[in-house]
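Novice: Everything below, folded, please.
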Amino acid sequence: MKVAFLSLERFEGKDVGQGIPRYTVELHKQLKKLEKKSHVKVDKFLMKGSRFDYLSFKLGAGEHDLSGYDVVHNPIGFLPFKKKARKFSYVVTIHDTNPIGSTDIRWKLWRNHVFRPGIRLALKEADGILADTEQTKQEVVAMGYPKGKIKVVPLGVSDRFIKTPAKKTKHSSFKVGYLGTFNPNKNVGMLVGAANSVKDKNVVFELWGRGPMEEELKAMATSSRIKFMGFAPDEKIVSIYDSFDVFIWPSLYDGFGLPIVEAQARGLPVIVYKNGKISPEIKRHCFEAKDEEHLAELITEIKVNGYNAKSRKKAMDYARTFTWQRTARETLSFYKNVVGDNVG
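Specialist: Numbering: from 1, shown residues only. This is a model prediction of the structure:
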């Protein structure tokens, strides 16, 4: 079986970040390792655009010739291929269907006229859908896609989060951490508000990341114990997690929420926003904060009482079941099922 795996050139750099870029890079890497054993050939096709470049793809001869493949996998969610014009089976990964953003007109135009229509076109033409979580699967079903053609295959935690021995940084303070983007849907303002209200001078807050709300968040931060650390280099991410005593993920909406399981894999207690839309299987072992005041209370409670050893082990063991090897095996199995269905 021959598989064409679509990706973007900008995902190939040193710091690929989280979410979709991480999924695309790690999944392809693991699929390549399964080639010989599974009698599958996986070729990666890179595009130059910031989104899929429709014009660079040809179903026959051309810069990207897909005519000889059994499966074409689009791991980003856009780019439909008309069923009548192709012979391969088309698999699409849907990470989420309803991103929450700002009120900025540019965001609204992109969400309503590019993102959502692009998802619907991909669903219309796809022979099979991979969803990151049960939550995303239900969203796709609600859009009219057949339930039987969707498989939930979660993202993974890289081996370095599992195999690297924990090296806790010795520091006199109690460190509360965030590592992600400063986009509107990440709701980092909730963390900043809670940090402002924590009076214990021994509690410090380190926020790693970049994003459109960075300056607004800095303006909100009235406590000198709130530190904005900048972009987190990929090679330092494990040590950054290990420097925290508790990890906060206050997101309003996530297709998956990879930092949750990464932090838990390192043995950290994780606090999420109770009303945030995060799939239950991802936040299963998290503390849940109802609002800023409750978040501040939970941080103080963990500082005073510590993190229960039994709860820590349960969360760590569960988080470490999310591996990229598992993602690749289940994805490959889905390819074979989709091809078999189309042949039948």
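Novice: rest of the way, CA atoms for contacts and neighbours
Specialist: Noted.
Novice: Buried residues, the one helix or strand Lys314 maps to. List them.
Specialist: Using DSSP states H and E, Lys314 sits in helix 309-319. Within helix 309-319, the residues scored as buried using 16 or more other C-alpha atoms under 10 Å are Arg312, Ala315, Met316, Asp317, Tyr318, Ala319.
Novice: ok, now which ones touch the third one?
Specialist: It refers to Met316. When contacts are counted by C-alpha atoms under 8 Å, 6 or more residues apart in numbering, Met316 touches Gln264, Ala265, Arg266, Gly267.
Novice: dump the residue contacts of the second one.
Specialist: This means Ala265. By C-alpha under 8 Å, 6+ apart, the contact list for Ala265 reads Val157, Phe161, Ile162, Ala315, Met316, Asp317, Ala319, Arg320.
Novice: what would those residues look like in JSON lines with pLDDT and distance to Val114?
Specialist: JSON lines is the format used below for the contacts of Ala265 (pLDDT from 0 to 100; distance: C-alpha to C-alpha, whole Å):
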{"residue": "Val157", "pLDDT": "95", "distance to Val114": "30"}
{"residue": "Phe161", "pLDDT": "94", "distance to Val114": "35"}
{"residue": "Ile162", "pLDDT": "93", "distance to Val114": "38"}
{"residue": "Ala315", "pLDDT": "97", "distance to Val114": "38"}
{"residue": "Met316", "pLDDT": "97", "distance to Val114": "38"}
{"residue": "Asp317", "pLDDT": "97", "distance to Val114": "39"}
{"residue": "Ala319", "pLDDT": "97", "distance to Val114": "34"}
{"residue": "Arg320", "pLDDT": "96", "distance to Val114": "35"}
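Novice: need the helices for the stretch 101-250 of the chain, in chain order.
Specialist: 105-110, 116-125, 134-142, 159-163, 188-197, 214-220, 237-243 (DSSP state H, counting those that start in this stretch).
Novice: in the fifth one, what's buried?
Specialist: Applying a neighbour-count criterion of 16+ other C-alpha under 10 Å, one finds Val188, Gly189, Met190, Leu191, Val192, Gly193, Ala194, Ala195, Asn196 buried in helix 188-197.
Novice: Just give me the closest of the residues you listed to Thr331.
Specialist: Distance to Thr331, by C-alpha to C-alpha, is smallest for Val188 among those, at 32.8 Å.
Novice: my guess is that closest one meets Phe182, correct?
Specialist: Yes: Val188 is within contact range of Phe182, at 6.7 Å (criterion: C-alpha atoms under 8 Å).
Novice: contacts for stretch 200-214?
Specialist: With C-alpha under 8 Å, 6+ apart as the contact definition, stretch 200-214 has outside contacts at 172-184, 195, 225-232.
Novice: Quick one: mean pLDDT over that stretch.
Specialist: For stretch 200-214, mean pLDDT rounds to 95.
Novice: and it, how far out from the chain's middle?
Specialist: In terms of C-alpha atoms, centre = their mean, to the nearest Å, the centre of stretch 200-214 is set 21 Å apart from its chain centre.
Novice: what about that stretch, start to end distance?
Specialist: Taking C-alpha to C-alpha, to the nearest Å, stretch 200-214 runs 25 Å from one end to the other.
Novice: Residue numbering should commence at 8 henceforth.
Specialist: Got it, the first residue is 8 from now on, which makes the last one we talked about stretch 207-221.
Novice: Give the buried residues for it.
Specialist: The neighbour-count check on stretch 207-221 (16+ other C-alpha under 10 Å) flags Val210, Val211, Phe212, Glu213, Leu214, Trp215, Gly216, Arg217, Met220, Glu221 as buried.
Novice: swap in stretch 331-340?
Specialist: Residues of stretch 331-340 classed as buried: Trp331, Gln332, Arg333, Thr334, Ala335, Arg336, Glu337, Thr338, Leu339 (neighbour count, 16+ other C-alpha under 10 Å).
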